[in-house]
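Colleague: Model the following, please.
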Amino acid sequence: MPVNWLHNNKHLLTEALSESPIIRRFSTDCEEKGEDSYDIIATNQLNANQLLNSFSILEDAFQNLQIRFGWIDKEGMDINLGINPERSIIVGQDIEIKGFMKIPVVKTLNMSNTARNNSLYLGYQRHMARHNNPYSVSLGEMKEDLSESETMVRSAECLHFCLDVMKKEDSGNCNSHSVGLDIFTCCSLFRLAGMSKALKLFCINTNNDQINEKSADAITLMIWYFLEGLINKNIETMKQKENDIFLVSSELYDEPIKFVVGHKTGRWWYQHPSTKEYVPCSDKDYKAISVGNLPDSIVSLQN
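Modeller: Numbers count the residues shown, from 1 in each chain. Next up, the predicted model:
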């Protein structure tokens, strides 16, 4: 069996772990039921143990969500594990994560302190990396204005999050440095990712490190907020009459562009003039198009 599910290995739990409500949820035998289920999978048992210890102190706020927790046998390390990547978070080291990243997706967003090739990166540090994608957003740009980064996270079909994008004080990761994203920003972005209907693959890359206690605390906290976003995914729709709607005429398109602001979350969307699909955006994008400009965030999502 390539994935060792916790509900088949309850004998490995200590008494303290067994008493934790959220660990009991993880160790309940359940069948997958579409959007009401989600899997958290570590790529080895050592990492799984660290994550369980950190999860055990967190609140179980996911009564309507079935959550399976498991870890992968080394001999089963390939991308054909029977895992549904659209309903899973994969946590592991760089060499282990690369196999999952081969699953074809359209829009991949990498979060790392370095940026290479022509891929789309968020939070990279300019003093550490060169990049060839003009739509990548550096750490300094994120600090100045988070709205474009939030749009990118909401629109990504694959999110590849490396712990080194966080500052070392918060991540506990050997590849992190004294500057980087803080845990509060990362939790906020993870919650947005959980609410996204576009996300198909989510990998948390611990770089070359096994997960230590501090890293486990950071990872489990971010996953907790991702799950909170997940259970609120359908909190609003584009058709709710309470939403604010703005129509903007633009020389870039033949028809006015429709912008929608969700009345519950304040999230911005625009309706693509060609596909009629609703695409995440920000108020900055609305203002830019209103004066005749095409924002980089919208261009990057269309490429």
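
Colleague: any idea how this protein splits into domains?
Modeller: Split into domains by automatic domain parsing, the chain comes to 3-231, 244-302.

Colleague: will you turn those domains into a markdown table that also has mean pLDDT and mean neighbour count?
Modeller: For glycine as for every other residue, the C-beta is placed from the backbone atoms N, C-alpha and C. A markdown table is the format used below for these (pLDDT from 0 to 100; neighbours: other C-beta atoms under 10 Å):
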| stretch | mean pLDDT | mean neighbour count |
| --- | --- | --- |
| domain 3-231 | 88 | 19 |
| domain 244-302 | 81 | 16 |
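
Colleague: Indicate which one of these is closest to Thr237.
Modeller: domain 244-302 (8.5 Å; C-beta to C-beta).

Colleague: Pull the distance from that closest one to the chain's centre.
Modeller: 23 Å (C-alpha atoms, centre = their mean, to the nearest Å).

Colleague: Adding distance to Met238, write the domains of the chain out as JSON lines.
Modeller: Output for the domains of the chain, formatted as JSON lines (distance: least, C-beta to C-beta, whole Å):
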{"stretch": "domain 3-231", "distance to Met238": "11"}
{"stretch": "domain 244-302", "distance to Met238": "5"}
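
Colleague: Show me the strands in the stretch 51-200 of the chain, by range?
Modeller: Applying DSSP state E, counting those that start in this stretch to the stretch 51-200 of the chain gives strands spanning 66-72, 88-92, 108-111, 120-124, 137-138, 158-162.

Colleague: Distance to Lys241 added to the ones you listed, as JSON lines?
Modeller: Formatted as JSON lines, the strands of the stretch 51-200 of the chain follow (distance: least, C-beta to C-beta, whole Å):
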{"stretch": "strand 66-72", "distance to Lys241": "32"}
{"stretch": "strand 88-92", "distance to Lys241": "35"}
{"stretch": "strand 108-111", "distance to Lys241": "32"}
{"stretch": "strand 120-124", "distance to Lys241": "34"}
{"stretch": "strand 137-138", "distance to Lys241": "34"}
{"stretch": "strand 158-162", "distance to Lys241": "32"}
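
Colleague: Am I right that Phe202 is in contact with Glu86?
Modeller: No: Phe202 is beyond contact range of Glu86, at 9.1 Å (criterion: C-beta atoms under 8 Å).

Colleague: Quick check: the gap between Phe161 and Ser171.
Modeller: 11 Å (C-beta to C-beta, to the nearest Å).

Colleague: what angle sits between the longest helix along the chain and strand 66-72?
Modeller: The longest helix of the chain (DSSP state H) is helix 213-231. Going by axes from the mean of the first three to the mean of the last three C-alpha atoms, to 10 degrees, helix 213-231 is angled at 140 degrees with respect to strand 66-72.

Colleague: what residues does the following helix or strand past helix 213-231 touch?
Modeller: Next in sequence after helix 213-231, counting helices and strands by DSSP states H and E, comes strand 244-248. Outside of strand 244-248, the residues within contact range by C-beta atoms under 8 Å, 6 or more residues apart in numbering are 256-261, 263, 286, 289-290.

Colleague: Can I get those in TSV including secondary structure and distance to Pro134?
Modeller: Conversion of those to TSV gives the following (DSSP: H, G, I helix; E, B strand; the rest coil; distance: C-beta to C-beta, whole Å):
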residue	secondary structure	distance to Pro134
Pro256	coil	28
Ile257	strand	23
Lys258	strand	27
Phe259	strand	24
Val260	strand	28
Val261	strand	28
His263	coil	34
Tyr286	helix	22
Ile289	helix	19
Ser290	helix	23
